[in-house]
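Novice: predicted coordinates and the sequence they were generated for:
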Amino acid sequence: MSFCVLGTGSYVPPKVVTNDDLAAFLETSDEWIRERTGIRQRHVCETESTCDLAYEAAVAAMAQSGVKAEELDMILCATISGDFATPSVACVVQKRLGAICPAMDLNAACSGFLFLLDTAAGFFARGRVKKMLVIGAERISRLLDWDDRSTCVIFGDGAGAMVLGEGDGYLASQLHSKGDDDVIRTPVFEGKSPFNRREQENPYIHMKGQETFRFAVNAMTHDLKNLIAQAGFAEEKIDWVIPHQANIRIIDAAKKRLHIPPERFCVNIDRYGNTSAASIPMVVDELNRSGKLNRGDLLALCAFGGGLSSAACILRW
Ligand code: ACO
């Protein structure tokens with residue numbers, strides 16, 4: 001027993017920031033950002049919190065699924081930008097929905113939602129849950145150094161959610177970690193301990209772009225190829241590829257290396273940028289609501305990011 005998807009939802013804050021808006025205060029241009037990343041705009045929080053984004057996405061997914069808050073057996077949220085060290089985003093959403101189940105957050109950076117789906121599959125396999133709400137939510141804008149043009153132009157805020165029920169839709173998965181605190185690194189606030197002698201590093205996302213790029217192309221291609229073979233499918237049998245939306249050039253490189261028609265790769269990075277753990281469930285929700293998904297379709301989801309981490313899974317819709 002694993003799970004099937006009963007409903008999806010997503011939410012982005014209303015404030016749209018275009019590349020030209022960024023060029024007004026950064027040494028960058030719409031042309032550079034579009035050509036090097038595929039991004040035209042992103043949504044950025046003004047007054048909204050990560051919990052607000054998560055809650056709105058959850059409400060949309062719950063409405064589509066028809067599942068009531070009191071039926072939920074667990075809520076999980078993947079995030080690196082929760083509003084509090086405690087309570088977790090999942091706990092805040094639990095309270096707002098009026099649910100009474102356990103709730104917790106999980107951190108695997110941009111791969112977080114896929115690590116979370118695998119965790120969810122374990123709860124279903126043990127018969128511990130019948131209905132589960134899973135969310136990826138990020139207010140990455142608060143982790144960015146807005147003077148650093150090599151990072152702040154590529155991210156955006158948003159949330160995506162799924163309601164899961166008992167079923168056999170989770171067919172195969174792979175999770176990988178390659179511990180590295182240098183390539184992608186976001187230091188935390190050091191606190192005010194009178195005994196602390198550690199230096200405060202800038203608490204923003206630091207990223208070695210080209211190293212991340214190489215890791216991403218390898219991880220995406222390698223994970224997907226291995227996973228599809230492990231699941232016993234020919235690559236051409238995959239109906240939809242849901243890649244983490246980090247850079248259109250990473251997705252294009254994966255397209256060239258896989259035997260899957262390019263039009264089956266789902267892309268929304270042009271409108272939202274990289275929303276980290278929210279990226280994959282936002283794309284799935286967009287695809288679901290477009291009406292293009294059919295029961296029985298095979299979806300290959302793949303992500304990579306801080307940790308370093310990468311993950312992939314195959315879902316039967
Ligand atoms: N506007 C204009 N110029 C820029 C900008 C910008 N926004 N950013 C960098 N540049 C300049 C650099 O300064 C450099 O100039 P120089 O040649 O004079 O030194 C030049 O552009 C080229 O810089 P590169 O870093 O080589 O640019 P690249 O083509 O690699 O693109 C990017 C940078 C977009 C960050 C790319 O490397 C990338 O997408 N990497 C992967 C990021 C990713 O996937 N992250 C996911 C994980 S994040 C997480 O888990 C939280």
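Specialist: Received, thanks.

Novice: up against the ligand, what does this protein have?
Specialist: By CB under 6 Å from any ligand atom, the residues of the chain that approach the ligand are 28, 32-33, 36-37, 109-110, 149-150, 153-154, 184, 205, 207, 209-210, 212-213, 216, 246-247, 274, 276, 305-306. For every residue, glycine as well, the C-beta is placed using N, CA and C.

Novice: ranges for the strands of the stretch 201-317 of the chain?
Specialist: 206-207, 240-243, 298-305, 309-316 (DSSP state E, counting those that start in this stretch).

Novice: any chance you could map the helices in the stretch 51-200 of the chain?
Specialist: 89-97, 112-125, 149-152 (DSSP state H, counting those that start in this stretch).

Novice: what residues sit buried inside the longest helix seen in the chain?
Specialist: Counting residues, the longest helix in the chain under DSSP state H turns out to be helix 209-230. For helix 209-230, the neighbour count (16 or more other CB atoms under 10 Å) marks 212-213, 215-217, 219-225, 227-228 as buried.

Novice: run through who's touching it.
Specialist: 150, 172-174, 176, 178, 183-184, 234-235, 238, 241, 243-244, 246-247, 249-251, 253-254, 257-258, 300, 302, 304, 308, 310-314 (CB atoms under 8 Å, 6 or more residues apart in numbering).

Novice: got the angle for it vs strand 309-316?
Specialist: 40 degrees (axes from the mean of the first three to the mean of the last three CA atoms, to 10 degrees).

Novice: pLDDT wise, what is Met1 at?
Specialist: Met1 is assigned a pLDDT of 80 by the prediction.

Novice: and Asn294, by the same measure?
Specialist: 94.

Novice: can you name the residue of the stretch 151-300 of the chain nearest the ligand?
Specialist: The nearest approach of the stretch 151-300 of the chain to the ligand comes at Gly209, 2.8 Å away (CB to the nearest ligand atom).

Novice: check which helix or strand whichever residue of the stretch 1-150 of the chain sits closest to the ligand maps to.
Specialist: Nearest residue of the stretch 1-150 of the chain to the ligand (CB to the nearest ligand atom) works out as Thr28 at 3.2 Å. Thr28 belongs to no helix or strand when elements are defined using DSSP states H and E.

Novice: check contacts around it.
Specialist: Neighbouring residues of Thr28 by CB under 8 Å, 6+ apart: Asn19, Leu22, Arg149, Val153.

Novice: quick one on the thing from earlier: want to try CSV for the buried residues of helix 209-230, with pLDDT as columns?
Specialist: Converted to CSV, the buried residues of helix 209-230 look like this (pLDDT from 0 to 100):
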residue, pLDDT
Thr212, 94
Phe213, 94
Phe215, 94
Ala216, 95
Val217, 94
Ala219, 92
Met220, 92
Thr221, 93
His222, 91
Asp223, 93
Leu224, 94
Lys225, 94
Leu227, 95
Ile228, 95
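
Novice: for stretch 237-252, give the mean pLDDT please.
Specialist: Per-residue scores along stretch 237-252 average to 97.

Novice: pull out the CA atoms of that stretch and give them to me as CSV.
Specialist: Extracted in CSV, the C-alpha atoms of stretch 237-252 (Å, rounded to 0.1, in the frame of the first residue of the first chain):
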residue,chain,number,x,y,z
LYS,A,237,6.3,5.5,-21.5
ILE,A,238,6.6,8.5,-19.2
ASP,A,239,3.7,10.8,-19.9
TRP,A,240,4.8,13.8,-18.0
VAL,A,241,8.2,14.9,-16.5
ILE,A,242,7.9,17.4,-13.6
PRO,A,243,11.4,18.8,-13.1
HIS,A,244,12.4,21.1,-10.3
GLN,A,245,12.2,24.6,-11.8
ALA,A,246,15.6,26.0,-11.2
ASN,A,247,16.9,27.0,-14.6
ILE,A,248,15.4,26.3,-18.1
ARG,A,249,18.9,25.4,-19.3
ILE,A,250,19.1,22.6,-16.7
ILE,A,251,15.7,21.3,-17.9
ASP,A,252,16.8,21.6,-21.6
